[in-house]
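Undergrad: using only what follows, build the 3D model:
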Amino acid sequence: MWISKKEIETLSDIVKGYTTGDDTDIRDNKEGAFSILKNDIYSLMESQKEQLKNTQKQRDILAEYMSDISHQLKTPITSMLIMTDLLEDADPDKQAEFIHNIKLMLGKMEWLVKTLLNMAKIDAGSVNFSKKKIRLSQLMDDVTPSVSILLDINEQSIETLNDIELECDKRWTVEALTNIVKNAIEHSPKGTKIEIDCGENAIYRWISVRDYGEGIDMATYASMFQRFQYSTNEAGFGIGMPLALSIMKGQGGDIDIDIPKKEKGSKFILKFFK
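TA: Just a heads-up that it's a prediction; the model follows:
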């Protein structure tokens, strides 16, 4: 097959144009090696543009989270600086109190940075979720120790009603489920129980976390999954529930809520689509 010099020069100019943002479609339906070459070049350039878009998206997400981290760290850093300035001249009891508070703040700051960076990686699609078959009871074996102190303080208990096999990333799902359970504990009065149930239908398998608190309205429900918009205690940052949602969506799942009309409480449903 004979290819003219003009055709090669035209193709060369188009390829150079791709580097400056030109999106000329050079594909054709003709037969021959030259047409195959043009189609392959087009596919390669489109793939490269998509990769660049994904890279930019990841950068934007990371920049947004870094801005959040910077904003959220200003207050505790300022508080620690003030306590550090007062530390030298304070009496021994006050010094011990300042040191204790500084340690607490450092721990919270470390957790905040770690959590937000995890959320940034998940939202940017940089986390490879390793889905394996695991039963709810196995997940709860890891969740329960993390909330045992809260349960004791609130004189509450967890009751697991059923047990099925799910397909999910154990480590990340335990993180999400723990945050949902903590939320249920903090919204329930003393002496009550948190019900954990599970099941499946034709579309998804699910885990539900039911509390018997005062319940929430849909407006509050929406804010629960927005960073820094909702916290159940003064010391919280309001990122536990957003992290849970990011984890579920990262695995191709979702979190829904069922608000009973006649009974108190709320039921959060973690959905694992088939």
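Undergrad: any low-confidence regions in the stretch 51-200 of the chain?
TA: Applying pLDDT under 70 to the stretch 51-200 of the chain flags the ranges 54-55, 58, 61-62, 65.
Undergrad: now do the strands in it.
TA: For the stretch 51-200 of the chain, strands defined by DSSP state E, counting those that start in this stretch occupy the ranges 132-135, 157-160, 165-168, 193-200.
Undergrad: CSV for the ones you listed, including distance to A124 and mean neighbour count?
TA: C-beta: built from backbone N, CA, C; applies to glycine. Converted to CSV, these look like this (distance: least, Cβ to Cβ, whole Å; neighbours: other Cβ atoms under 10 Å):
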stretch, distance to A124, mean neighbour count
strand 132-135, 23, 12
strand 157-160, 34, 14
strand 165-168, 20, 18
strand 193-200, 30, 19
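Undergrad: contacts only, for R210.
TA: Counting by Cβ atoms under 8 Å, 6 or more residues apart in numbering, R210 makes contact with A184, I194, E195, I196, D197, G265, S266, K267.
Undergrad: ok, longest helix in this structure?
TA: Identified as the longest helix of the chain according to DSSP state H is helix 33-87.
Undergrad: which among the strands of the stretch 51-200 of the chain is found nearest to F34?
TA: Ranking those by proximity to F34 (Cβ to Cβ) places strand 165-168 first, at 47.4 Å.
Undergrad: centre of the chain to the closest one, how far?
TA: Centre-to-centre, strand 165-168 and its host chain are 19 Å apart (Cα atoms, centre = their mean, to the nearest Å).
Undergrad: please name every helix or strand in contact with it.
TA: Packing contacts for strand 165-168, counted by 3 or more Cβ pairs under 8 Å, 6 or more residues apart in numbering; DSSP states H and E, involve strand 132-135, strand 204-210, strand 267-273.
Undergrad: go again with 10 Å.
TA: strand 132-135, helix 136-153, helix 170-186, strand 193-200, strand 204-210, strand 267-273 (3 or more Cβ pairs under 10 Å, 6 or more residues apart in numbering; DSSP states H and E).
Undergrad: what sits up against the first one?
TA: For strand 132-135, the external contacting residues (Cβ atoms under 10 Å, 6 or more residues apart in numbering) are D141, D163, I164, E165, L166, E167, C168, D169, K170, T173, V174, C198.
Undergrad: farthest-apart pair in those, please.
TA: Largest pairwise distance in the contacts of strand 132-135, by Cβ to Cβ, is 18.8 Å, between D163 and D169.
Undergrad: and those two? which has more neighbours close in?
TA: Set D163 next to D169 and count neighbours by other Cβ atoms under 10 Å: D169 wins out with 19 against 14.
Undergrad: that one: what's it in contact with?
TA: Contact analysis of D169 by Cβ under 10 Å, 6+ apart lists V127, N128, F129, S130, K131, K132, I134, E175, A176, I247, G250, Q251.
Undergrad: now with 7 Å?
TA: By Cβ atoms under 7 Å, 6 or more residues apart in numbering, the contact set of D169 is F129, S130, K131, Q251.
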